[in-house]
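[1] Got a sequence here, can you model it:
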Amino acid sequence: MLIKSDHLPLFEQAFEFLRANCYLNDAADFSRDAMGRSRTYLSMLRYNGHEPSPQAYDNLLGYLQTCLTETSDADLSGCLETLIAKAQKVLS
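    Numbering: from 1, shown residues only. Okay, here's the model as predicted:
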């Protein structure tokens, strides 16, 4: 699945991509596994309209890089590389 949600915040783009491509099951997995936070972190961000912390984005970057090393699909790799570049930009 290509990224078609450029209007969303980066963390939402990453969540939608990872969920749609079966890297994660749900928001709790994203919060815990990809962002290194509590199960309700994504829900809290959405409810309060906040952006993730720099540490959460750093954790997400690491998770995306791990996903990239585990895929051989060219389309998925391209999308992951795009998300990684966006995460690096946010962290710079």
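[2] going forward, measure contacts and count neighbours with C-alpha atoms only.
    Noted.
[3] Identify the residues contacting the spatially most central residue of the chain.
    By Cα atoms, centre = their mean, the chain has its centre lying nearest to Ala14, at 3.1 Å. Ala14 makes contact with Leu83, according to Cα atoms under 8 Å, 6 or more residues apart in numbering.
[4] can you rerun that using 10 Å?
    3, 5, 8, 20, 30, 34, 60-61, 64, 79-80, 83-84, 86-87 (Cα atoms under 10 Å, 6 or more residues apart in numbering).
[5] between those residues, which is nearest Met44?
    Phe30 (12.7 Å; Cα to Cα).
[6] picking up where we left off before, let's verify the residue nearest to the centre of the chain: helix, strand, or coil?
    Three-state assignment for Ala14 (DSSP: H, G, I helix; E, B strand; the rest coil): helix.
[7] Where does confidence bottom out across the contacts of Ala14?
    Lowest pLDDT of the contacts of Ala14: Ile3, 54.
[8] now Cys67: how far from Tyr47?
    Plainly put, Cys67 is 28 Å away from Tyr47 if you go by Cα to Cα, to the nearest Å.
[9] Those two - which one has more neighbours?
    Cys67 (15 against 9; other Cα atoms under 10 Å).
[10] Compute the number of surrounding residues for the residue lying closest to Asn25 once chain neighbours are set aside.
    In this structure, Asn25 finds its nearest non-sequential neighbour in Arg19, 5.9 Å apart by Cα to Cα, 6 or more residues apart in numbering. Arg19 is flanked by 16 other residues according to other Cα under 10 Å.
[11] Return the set of buried residues in stretch 74-81.
    The neighbour-count check on stretch 74-81 (16 or more other Cα atoms under 10 Å) flags Leu76, Ser77, Cys79, Leu80 as buried.
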